[in-house]
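Q: One predicted model, sequence on top.
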Amino acid sequence: MRYVQLSVMVAAATACSSAFATQYLNQEQAQKLMFPEASGFREQDLALTVPQMQQVEALAGLPARSVHWRVVGAYKGDALLGFMVLDDVLGKFELISYAVGLNLDASVRQVEILAYRESHGGEIRLPAWRRQFVGKRAQAGIMLGAGIAGISGATLSCTHVTDGVRRIAALAQVALAK
């Protein structure tokens, strides 16, 4: 009997946690949205070295968090246009999947929310909030309250996505910029 009760509770918790999940874009849709002029995309393996991780941490003011990153190069013919980096951060309780488009100079081109799984705070998907990142680099203007305005009711989501974008901009400066 106790096993049945536990099974029902686990099933209910799982159903509740995924009830708010919304998939907005997949990888292919995001890369075409960020680089409409691109004729092709190539996934790249990016593994940071220890010195690169230390540089990312110094630039971002945050832990580098991972050695391996999911990166897609956007090309027009043979010419590299920029990069898209895919990442996940924790909102309040659930993961937020997002993508950051980067120019060759490591400035942010665009931010897209791919999947949002929280019950509140989905306003981070609003274009006006995401546009705040455009043109910014890791060491200038990518911090909540100092270049990026927060959204009431979405404080943790705003904070964690902003930190993630700053980390990715630092990653781009260290390992991707030409």
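A: Ah, there it is. Residues are numbered from 1 along each chain as shown.
Q: what about residue 178, how many residues close to it?
A: Look at residue 178: counted by other C-beta atoms under 10 Å, it has 8 neighbours. C-beta: built from backbone N, CA, C; applies to glycine.
Q: What distance do you get for residue 161 to residue 167?
A: Here the criterion is C-beta to C-beta, to the nearest Å. By it, residue 161 lies 11 Å from residue 167.
Q: Enumerate the positions of stretch 55-74 that are buried.
A: 55-57, 59-60, 64-65, 69-74 (16 or more other C-beta atoms under 10 Å).
Q: same deal with stretch 75-83?
A: For stretch 75-83, by 16+ other C-beta under 10 Å, it's 81-83.
Q: List of residues touching it?
A: Stretch 75-83 has contacts (C-beta atoms under 8 Å, 6 or more residues apart in numbering) with 34-35, 37-42, 71-74, 101-104, 109, 172, 176, 178.
Q: residue contacts, residue 127?
A: Going by C-beta under 8 Å, 6+ apart, residue 127 touches no other residue.
Q: with the buried residues of stretch 75-83 in mind, which one is nearest to residue 92?
A: Residue 92 lies nearest to residue 83 out of the buried residues of stretch 75-83, by C-beta to C-beta, at 28.9 Å.
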